[in-house]
Structures are given as structure tokens and as C-alpha cells.
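J.: Dropping the sequence and predicted coords here.
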Amino acid sequence: MKLNIKRFNKEKNPQNEISNFEVSNENLLKALYEIKTKMDNSLTFRCGCKSGVCGSCAVRVNGVEKLACKTTINENDLIEAIKNSRIIKDLVVDVSHETSLIERTKSYIEETQEYNISQKDIKNIDLQSNCILCNSCYSSCPVYDVNKAFLGPFALTRALRYINDKKTPHRANIIDSIQSNGIWDCTLCSACTMVCPQNIDPKADIMQLQNISVQNGYTNPNTQTMDFGMDFGMDFNDDFGGFGGFNPNGF
């Protein structure tokens with residue numbers, strides 16, 4: 001089976017090239033190992049658990065974000081590094097900036113206290129807790145593509161997880177931290193939702209965060225300055241022949 005891999009090496013000229021390999025394994029991660037051990041040991045990729053838990057093997061297959069360990073390849077598939085992160089070499093990217101965005105949302109428990117936790121409390125945060133930080137959502141996000149200050153999908157999903165956590169004493173700090181370059185900048189396009197290997201819905205999480213923010217006195221800054229600059233040259237308080245109000249028929 002023919003597999004095409006888009007590679008990057010800053011020490012070469014040109015730095016980008018597409019290498020073609022014939023592989024026997026149908027699983028993408030096994031195919032990458034086959035190439036590295038039998039054909040080209042310079043091929044660089046990242047992996048950890050090999051079972052879809054660590055998220056480190058995320059790549060793009062024909063332009064769509066996938067976990068290599070969970071992907072079955074087809075003839076002539078094109079494998080690339082995920083987008084919107086600096087490529088270190090081949091399929092390995094630097095994810096330090098994306099990880100730092102979690103710190104900006106203050107999504108952690110600042111103080112340790114004793115709480116009685118019910119199964120309902122656990123269920124409220126269970127789905128969001130399953131995020132494996134694979135960066136597929138950031139790779140697919142059109143807002144993060146043009147604005148690296150945008151907090152982005154998994155940082156905002158993590159924010160919701162801690163806002164809903166009964167053990168979090170300072171929810172107001174998290175809510176305040178996600179207002180700028182955060183929940184109101186998302187276009188709600190669902191690109192992140194479609195590529196999440198854990199079936200998390202960051203779009204729905206962000207919409208929940210918007211509702212929580214409004215309940216806590218915040219407003220969408222994008223709707224505060226909607227002035228379309230239109231002047232129809234009429235006074236809507238005109239009498240209109242004694243009948244009063246606006247006459248839609250123009251007489």
C-alpha cells in the first residue's frame with residue numbers, strides 16, 4: 001500500500017518534501033513504525049500509549065485530524081503534521097503554546113478543601129475530563145489559525161470542566177479569564193467537534209460558557225457596537241397624516 005508523508009526538516013533545502021513509501025500495515029501508527037524501522041530511520045513522529053489515550057500521535061490524514069494509532073489507512077493517503085503549531089520535524093510539532101493557554105484560563109483548583117461528591121457531580125464534569133490534549137481541535141480551528149491569542153477549544157472545554165466542578169472555589173476567576181480572546185471570539189463552526197477523538201463537543205461547551213457568562217453579568221462585546229450607519233431620512237415619530245406611527249406603505 002502506498003503512503004505519502006509530507007515531511008519537514010529545517011536543515012534541508014527545500015525544507016518541505018513529500019516522501020512515498022510502500023507499507024504492509026493498514027494501521028497508520030504501525031505503518032509509521034514499519035517505515036522507521038525498515039525503510040527510513042530519519043522519519044520523525046510522536047506516540048505514547050498506542051491506544052488512543054495519550055493523544056500524542058495526532059496527525060492529519062488527507063487534511064483531516066486523526067490519531068495515528070486509531071486510523072486505518074487507504075491507498076495513496078497523504079499524512080501531514082497537524083496545523084497551527086510550529087513543526088519541529090516531519091510529523092512532530094511544538095504544542096507548548098497551546099498547553100500554556102490552559103494556564104491563562106486558570107482552570108485548576110487553587111485551594112484544597114473537603115467536599116462530598118455525588119455521582120451527579122462526577123457526571124457534570126465527566127465528558128470534559130476525557131480531553132486528551134491531542135491538539136486536533138486547535139489544528140482544525142479557523143479562529144486559532146488567524147489569532148494565536150485565542151484561548152481555543154480545549155482550553156475553553158477545560159474551563160467549563162472546572163466551572164462545573166463542585167470542588168472549585170473560585171469559579172468567578174475562571175469566568176473572567178475567558179472573556180477576552182475567548183468565548184465571544186469563537187465562530188461556533190463545529191470544526192473542533194468533528195475531529196475530537198473523544199467525542200467531546202467544544203462548540204456546545206463554549207455555548208454553555210457564554211450562557212454562564214451572561215448569567216454572571218458579562219455581555220457579548222460583538223453585539224454592543226452594532227451600528228449599521230443607515231439613515232433612511234425619516235423620523236419614526238412623524239404623524240403620518242394624523243394616524244401616527246410608521247407607515248410601511250409609504251403614504
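T.: Yep, it's here.
J.: can you give me the helices in the protein?
T.: For the chain, the helices defined by DSSP state H occupy 28-38, 96-104, 119-129, 136-140, 142-146, 153-163, 171-177, 191-195, 202-215.
J.: Out of those helices, which is the most enclosed?
T.: helix 136-140 (a mean of 28; mean count of other Cβ atoms under 10 Å). No exception for glycine: its C-beta is placed from N, CA and C like everyone else's.
J.: can you list the domain ranges for the protein.
T.: The chain breaks down into these domains under automatic domain parsing: 2-93, 97-219.
J.: Now the ones you listed in TSV, please, with extra columns for mean pLDDT.
T.: Shown next, in TSV, are the domains of the chain (pLDDT from 0 to 100):
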stretch	mean pLDDT
domain 2-93	96
domain 97-219	94
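J.: Count the residues that sit near Leu43.
T.: 18 (other Cβ atoms under 10 Å).
J.: ok, it touching Tyr33?
T.: No - when contacts are counted by Cβ atoms under 8 Å, Leu43 is not listed as touching Tyr33 (9.4 Å).
J.: just to revisit the earlier point, redo the helices of the chain as CSV? Include distance to Cys47.
T.: Formatted as CSV, these follow (distance: least, Cβ to Cβ, whole Å):
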stretch, distance to Cys47
helix 28-38, 6
helix 96-104, 18
helix 119-129, 23
helix 136-140, 15
helix 142-146, 24
helix 153-163, 19
helix 171-177, 32
helix 191-195, 18
helix 202-215, 24
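J.: List just the one of these that sits closest to Glu111.
T.: Closest to Glu111 of the helices of the chain is helix 171-177 (Cβ to Cβ; 11.5 Å).
J.: tell me what that closest one is packed against?
T.: Using 3 or more Cβ pairs under 8 Å, 6 or more residues apart in numbering; DSSP states H and E as the contact test, the elements touching helix 171-177 are helix 153-163, helix 202-215.
J.: Including distance to Leu91, could those go into CSV?
T.: Converted to CSV, the helices and strands packed on helix 171-177 look like this (distance: least, Cβ to Cβ, whole Å):
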stretch, distance to Leu91
helix 153-163, 20
helix 202-215, 24
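J.: Show me the one of the ones you listed that comes nearest Asn20.
T.: Nearest of the helices and strands packed on helix 171-177 to Asn20, taken as Cβ to Cβ: helix 153-163 at 33.2 Å.
J.: List the contacts of that closest one.
T.: 98, 101-102, 104-105, 107-109, 125, 128-129, 131, 133, 135, 137-138, 141, 151, 168, 171, 174-175, 177-178, 182-183, 186, 192, 200, 202, 205-206, 208-209, 212 (Cβ atoms under 8 Å, 6 or more residues apart in numbering).
J.: So what angle separates the directions of that helix and helix 96-104?
T.: 20 degrees (axes from the mean of the first three to the mean of the last three Cα atoms, to 10 degrees).
J.: Return the distance of helix 153-163 from the chain's centre.
T.: Offset of helix 153-163 from its chain centre (Cα atoms, centre = their mean, to the nearest Å): 11 Å.
J.: same thing with stretch 105-124?
T.: 24 Å.
J.: got the CA positions of that stretch in PDB?
T.: What follows is stretch 105-124 as a C-alpha-only set of coordinates in PDB (Å, rounded to 0.1, in the frame of the first residue of the first chain):
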ATOM      1  CA  THR A 105      -8.000  30.200  31.900                       C
ATOM      2  CA  LYS A 106      -7.000  29.500  35.500                       C
ATOM      3  CA  SER A 107      -8.600  26.100  35.100                       C
ATOM      4  CA  TYR A 108      -7.300  24.400  38.100                       C
ATOM      5  CA  ILE A 109      -8.200  24.000  41.800                       C
ATOM      6  CA  GLU A 110      -6.400  26.700  43.700                       C
ATOM      7  CA  GLU A 111      -7.300  25.500  47.200                       C
ATOM      8  CA  THR A 112      -7.700  22.000  48.600                       C
ATOM      9  CA  GLN A 113     -10.900  21.500  50.700                       C
ATOM     10  CA  GLU A 114     -13.100  18.600  51.600                       C
ATOM     11  CA  TYR A 115     -16.300  18.100  49.700                       C
ATOM     12  CA  ASN A 116     -19.000  15.400  49.500                       C
ATOM     13  CA  ILE A 117     -19.100  14.400  45.800                       C
ATOM     14  CA  SER A 118     -22.100  12.600  44.300                       C
ATOM     15  CA  GLN A 119     -22.300  10.600  41.100                       C
ATOM     16  CA  LYS A 120     -24.300  13.500  39.600                       C
ATOM     17  CA  ASP A 121     -21.300  15.900  40.400                       C
ATOM     18  CA  ILE A 122     -19.000  13.500  38.700                       C
ATOM     19  CA  LYS A 123     -21.300  13.200  35.600                       C
ATOM     20  CA  ASN A 124     -21.300  17.000  35.300                       C
END
